[in-house]
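Novice: I would like to see how this sequence folds:
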Amino acid sequence: MVEIPKRTSTQQLMRRAMRGRSEVKAIRAEYAELRKIANKRIKRAQAKGELMDVEQFPTTNSIMRGADSTVNLIKAHHDVVVFLNSKRSTAKGRDEIRAKTRETLQRSGYLGITEENDKLFGEFMNEWRTKYEQDTTAGKKLFGDSDTAAEFFDRITERINRGEIDRNAVKIRRIFDRWLKSQQG
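Specialist: All right, here's what the predicted structure looks like:
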């Protein structure tokens, strides 16, 4: 098994590749091993509903097609090393990130964000951002900042806690869409 390098630079990899075919083969083999590790982590996370925005890393065969194959290999190798070294790539790291984010939000006055709903809050804020990017054209007034989003989220979680609605993301999205329409006019 290949050891995950702590750092990699595209320049170092390019210099290695310039030494000859055997080095390109070695980089390719390293990438293949690192890719397996990264894709396993991604699959496990996605099975838990996490890292849904992350695509799996491509195979070496798909990278090595075309005139820029060595350059593409080097970029892919760099990207997989960066991913594997990020906290986001492990469950423990993602838990640490969520805990730190939760603490920061609570210090900022968002007391409704708890360990039980921080993941849902993250999804909600992502939906809020996506909706804004899709539904607002240049010149349209911002329909709400993050404080407004957090207040709306608090109202939704209160309704969930009272049993009025379930945690179903589709139902929450419908409520969110209706609320946005009412805010936009």
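
Novice: can you list the domains in this protein?
Specialist: Dividing the chain into domains by automatic domain parsing, as the record does, gives the ranges 10-89, 110-184.

Novice: and the first one, how far out from the chain's middle?
Specialist: Per C-alpha atoms, centre = their mean, to the nearest Å, the displacement of domain 10-89 from the mean C-alpha position of its chain is 17 Å.

Novice: show me where pLDDT drops low in the chain?
Specialist: The model of the chain has pLDDT under 70 over residues 1, 130-149, 164-185.

Novice: the longest helix in it is where?
Specialist: Of all the elements of type helix in the chain, the one with the most residues (DSSP state H) is helix 21-47.

Novice: tabulate the domains of the chain (TSV), appending distance to residue 97 and mean neighbour count.
Specialist: C-beta: built from backbone N, CA, C; applies to glycine. Written out in TSV, the entries for the domains of the chain read as follows (distance: least, C-beta to C-beta, whole Å; neighbours: other C-beta atoms under 10 Å):
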stretch	distance to residue 97	mean neighbour count
domain 10-89	6	15
domain 110-184	10	14
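
Novice: could you dump those to CSV with distance to residue 99?
Specialist: Converted to CSV, these look like this (distance: least, C-beta to C-beta, whole Å):
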stretch, distance to residue 99
domain 10-89, 11
domain 110-184, 8
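
Novice: go through those and name the closest to residue 2.
Specialist: Closest to residue 2 of the domains of the chain, according to C-beta to C-beta: domain 10-89, at 3.9 Å.

Novice: can you give me the end-to-end distance of the closest one?
Specialist: When the termini of domain 10-89 are compared using C-alpha to C-alpha, to the nearest Å, they are 21 Å apart.

Novice: the chain should start at 16 in everything you say after this.
Specialist: OK, 16 is where the count begins now, so the last one is domain 25-104.

Novice: run the chain-centre distance for stretch 117-128.
Specialist: For stretch 117-128, the gap between its own C-alpha mean and the chain's C-alpha mean amounts to 21 Å (C-alpha atoms, centre = their mean).

Novice: can you list contacts of that stretch?
Specialist: Applying C-beta atoms under 8 Å, 6 or more residues apart in numbering, the set of residues contacting stretch 117-128 from outside is 129-130, 133, 136, 165, 168-169, 172.

Novice: tell me which of those fall in helices.
Specialist: Under the assignment DSSP H, these contribute 133, 136, 165, 168-169, 172 to helices.

Novice: which parts of this protein are helices?
Specialist: Assigned helices in the chain, in chain order: 25-33, 36-62, 75-78, 84-100, 106-122, 133-150, 161-176, 184-199 (criterion: DSSP H).

Novice: now distance to residue 19 too, for these, in CSV please.
Specialist: Compiled in CSV, those are given as follows (distance: least, C-beta to C-beta, whole Å):
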stretch, distance to residue 19
helix 25-33, 15
helix 36-62, 7
helix 75-78, 17
helix 84-100, 5
helix 106-122, 13
helix 133-150, 26
helix 161-176, 35
helix 184-199, 34
